[in-house]
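Visitor: The following block contains a protein sequence and its predicted model.
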Amino acid sequence: MMFINEECINCSACVDECDSDAIYNAGEEYELNGETKEALSEDYSFIVPEKCNDCKNCVEVCAVDAIEEK
């Protein structure tokens with residue numbers, strides 16, 4: 001499972017790169033199974049684990065190496 005750490009600079013490169021629509025900007029609500037959910041982070045971009053397919057395309061485009069695998 002991938003996650004974004006506090007090194008994130010909120011450039012949105014990963015958000016644009018994600019084919020699974022699993023990455024959202026800080027503070028952004030997201031939809032899962034037809035339900036609107038609150039943001040997982042108010043401070044930096046975040047990955048919704050249930051939507052992530054671990055393709056790691058986001059890691060490739062991250063300018064500050066803020067995306068890690070748990």
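Guide: Happy to help now that I have it. Quantities reported herein were computed from a predicted structural model and do not represent experimental measurements. Numbers count the residues shown, from 1 in each chain.

Visitor: How about residue 26, nearest residue that isn't a chain neighbour?
Guide: residue 44 (5.2 Å; C-beta to C-beta, 6 or more residues apart in numbering). Bear in mind the C-beta positions are built from the backbone N, C-alpha and C, glycine included.

Visitor: helices and strands around whichever strand or helix holds residue 3, which ones?
Guide: With elements taken from DSSP states H and E, the one containing residue 3 is strand 2-4. Counting contacts by 3 or more C-beta pairs under 8 Å, 6 or more residues apart in numbering; DSSP states H and E, strand 2-4 is packed against strand 46-47, strand 67-69.

Visitor: Mind listing the strands the last one pairs with, and their directions?
Guide: It refers to strand 67-69. Partners of strand 67-69 in the sheet, by DSSP bridges, are strand 2-4 (antiparallel).

Visitor: Could you pull out the buried residues of the strand it pairs with?
Guide: Going by neighbour count (16 or more other C-beta atoms under 10 Å), the buried part of strand 2-4 is 2, 4.

Visitor: Not counting it itself, show me its contacts.
Guide: Applying C-beta atoms under 8 Å, 6 or more residues apart in numbering, the external contacts of strand 2-4 come out as 14, 23, 41, 44-47, 49, 52, 54, 56, 58-59, 66-70.

Visitor: and if we set it to 7 Å?
Guide: Applying C-beta atoms under 7 Å, 6 or more residues apart in numbering, the contact partners of strand 2-4 are 44-47, 52, 54, 56, 58, 66-70.

Visitor: hang on, the earlier thing: now the strand holding residue 3, how far from the centre of its chain.
Guide: Relative to the centre of its chain, strand 2-4 is centred 7 Å away, using C-alpha atoms, centre = their mean, to the nearest Å.
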